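Novice: Okay, predicted coordinates and the sequence, questions at the end:
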Amino acid sequence: MKNILVLCTGNSCRSQIAHGFLASMTAGKANVYSAGVETHGVNPRAIATMKEIGIDISNHTSNNITEYFGVNFDYVITVCDNAKERCPYFPTKAIKLHYNFPDPAKAVGTEEQINEQFRVVRSLIKDYCEDFVEEYINE
């Protein structure tokens, strides 16, 4: 079983969405974790956005990277530039991957405009996760 860590700044939106997709896509093939270099709590809009497509992340927690220093990861995926730059060193032979997704929590506008930005980012993350699973897990 592969161990995958998705890392973001606050472990509230992008990493939680990716965690939800990867857990769904790799069921039985990988253990998926997500963390941040800080913890901001799971964003309610991230939960709602995933629920729209049938993926429940309402039981996820916002975790700090230090909680996982003892886990031997096969893959570490950073989903924002800030986390990539600020990630503390921890010994791992993991393959490190990076993609800087836009932060939907910074969206402004009407409720519908903000929700649409979450959907756009969700779609980008879904595409990335599908490609990741195809290349690294279903090889």
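Specialist: Yes, it's here.
Novice: and the helix or strand containing Asn115, which residues are buried?
Specialist: Per DSSP states H and E: Asn115 is located in helix 111-132. Across helix 111-132, burial judged by 16 or more other Cβ atoms under 10 Å covers Ile114, Asn115, Gln117, Phe118, Val121, Arg122, Leu124, Ile125, Lys126, Tyr128, Cys129, Phe132. Yep, even glycine has a C-beta here, placed from its N, CA and C like the rest.
Novice: try stretch 25-42
Specialist: Buried, per 16+ other Cβ under 10 Å, within stretch 25-42: Met25, Thr26, Ala30, Val32, Tyr33, Ser34, Ala35, Gly36, Val37, Glu38, Thr39, Val42.
Novice: Ala48 belongs to a helix, doesn't it?
Specialist: Yes. Under DSSP: H, G, I helix; E, B strand; the rest coil, Ala48 sits within a helix.
Novice: Just read off the phi/psi values of the residue in the chain sticking out farthest from the centre.
Specialist: Note on the chain: the largest C-alpha distance from the chain mean falls to Thr110, namely 25.3 Å (Cα atoms, centre = their mean). Dihedral angles phi and psi of Thr110 (degrees, to the nearest 10) take the values phi -70, psi 170.
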